[in-house]
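Enquirer: Dropping the sequence and predicted coords here.
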Amino acid sequence: MNLAIFDIDGTLTVTDHIDDICFVEALADAHAINGISTDWAGYSHTTDSAITSDIFQEQFNRAPEEAELRKFKSHFVQLLEDYRVKDSSLFAEIAGASSMLKRLNQEPQWKVAIASGGWHDSAILKLKVAGIEADDFPAAFADDGLSREEILQSAISKAERFYQQNRFARIVSVGDGLWDVRTARNLEFPFLGIGVGDAERKLRRAGATHVIEDFADYGKSIRCLTEAKVPQAETLS
């Protein structure tokens with residue numbers, strides 16, 4: 001049995017932009033933290049948990065308290081909901097994503113899991129607004145770890161229990177960020193990139209052997225999942 005693990009923002013949903021906006025606004029509203037860097041790759045790990053922790057260390061020289069995290073998460077989700085009411089098109093799915101997940105999970109040799117660097121509640125909201133039902137799949141989020149590696153490993157553990165597998169013969173990570181490529185390389189997992197144009201070129205330079213624009217072509221998606229290799233070293237070309 002094989003396992004495909006999907007990121008959310010930029011991979012299953014077109015929500016990178018609105019997620020960034022609400023994350024910054026929530027920090028300002030909930031904790032009066034302004035002027036943060038939105039170069040997410042510049043933090044210790046590109047996850048909501050690590051970014052929040054890094055920001056609190058920088059601002060207050062300490063980790064956030066649980067009550068502070070709850071306040072931030074709650075406000076973050078409320079802002080996303082407010083934007084959803086104004087314009088639900090900000091939460092579109094990547095073409096073919098919902099159908100792809102359902103069909104892939106019915107394949108005899110494949111199962112699906114989700115691993116997001118975002119918080120659970122915000123991630124689930126984005127998936128639902130995009131029309132992607134996530135209840136049928138094991139999933140891990142920023143609540144499960146600071147690093148992408150920890151989150152993917154948590155998703156695998158949950159998938160093993162959910163699908164009653166001792167281990168998966170092949171595990172493929174599917175994502176759109178350069179940090180997704182590096183995480184797959186660190187864990188020695190095959191990687192399938194999602195991107196087009198300059199985004200595709202960056203993923204390939206980072207080591208991705210296979211990159212697709214979306215999941216509209218199911219046959220191509222399956223073929224790339226089967227053929228994708230572990231990312232090699234980054235190139236400058």
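Expert: Thanks, I have it.

Enquirer: In this structure residue 234 contacts residue 205, no?
Expert: Yes. Counting by Cβ atoms under 8 Å, residue 205 is a contact partner of residue 234 at 6.3 Å. Placement of C-beta: from N, CA and C, glycine included.

Enquirer: so where's this protein shaky on pLDDT?
Expert: Under the criterion pLDDT under 70, the flagged ranges of the chain are 235-237.

Enquirer: 80 - rerun?
Expert: 233-237 (pLDDT under 80).

Enquirer: Which residue ranges make up the domains of the protein?
Expert: 2-14+92-227, 16-89 (automatic domain parsing).

Enquirer: which of the ones you listed sits most buried?
Expert: domain 2-14+92-227 (a mean of 20; mean count of other Cβ atoms under 10 Å).

Enquirer: how long is that one from one end to the other?
Expert: Using Cα to Cα, to the nearest Å, the end-to-end distance of domain 2-14+92-227 comes out at 13 Å.

Enquirer: and it, how far from the chain's centre?
Expert: 7 Å (Cα atoms, centre = their mean, to the nearest Å).

Enquirer: Could you do stretch 86-96 as well?
Expert: Distance of stretch 86-96 from the chain centroid (Cα atoms, centre = their mean) equals 16 Å.

Enquirer: got the contact list for that stretch?
Expert: Stretch 86-96 is contacted by residues 10-15, 17-18, 83-84, 126, 129-132, 194, 213-218, 221 when judged by Cβ atoms under 8 Å, 6 or more residues apart in numbering.

Enquirer: biggest helix in the protein by residues?
Expert: Counting by DSSP state H, the longest helix found in the chain is helix 66-86.

Enquirer: can you give me the strands in this protein?
Expert: For the chain, the strands defined by DSSP state E cover 2-6, 110-115, 139-140, 170-175, 191-194, 210-212.

Enquirer: packing partners for the first one?
Expert: Right, the one you point to is strand 2-6. When contacts are defined as 3 or more Cβ pairs under 8 Å, 6 or more residues apart in numbering; DSSP states H and E, strand 2-6 sits against strand 110-115, helix 148-162, strand 170-175.

Enquirer: Out of these, which is closest to residue 34?
Expert: helix 148-162 (26.9 Å; Cβ to Cβ).

Enquirer: nearest to residue 1, of the helices and strands packed on strand 2-6?
Expert: Between those, strand 110-115 lies closest to residue 1; by Cβ to Cβ that is 6.1 Å.

Enquirer: Name every sheet partner of that closest one and say whether each one runs parallel or antiparallel.
Expert: When pairing is defined by DSSP bridges, strand 110-115 lines up against strand 2-6 (parallel), strand 139-140 (parallel).

Enquirer: Any idea which of those strands gets closest to residue 58?
Expert: Closest approach to residue 58 among these is made by strand 139-140 (26.3 Å; Cβ to Cβ).

Enquirer: mind checking how far residue 61 is from residue 55?
Expert: 12 Å (Cβ to Cβ, to the nearest Å).

Enquirer: Phi first, then psi, for the closest residue to residue 20 other than its chain neighbours.
Expert: Setting aside the residues directly before and after it, residue 20 is nearest to residue 38 in space (Cβ to Cβ, 6 or more residues apart in numbering), at 5.7 Å. Dihedral angles of residue 38 (phi, psi; degrees, to the nearest 10) stand at phi -100, psi 20.

Enquirer: Check the spacing between residue 38 and residue 191 real quick.
Expert: Counting by Cβ to Cβ - residue 38 and residue 191 are separated by 25 Å.

Enquirer: wait, isn't residue 134 in contact with residue 124?
Expert: Yes. The criterion here is Cβ under 8 Å, and residue 134 meets it with residue 124 at 6.3 Å.

Enquirer: For the protein, which segments count as helices?
Expert: Going by DSSP H, the chain shows helices at 16-31, 48-60, 66-86, 97-105, 120-129, 148-162, 178-187, 198-205, 218-227.
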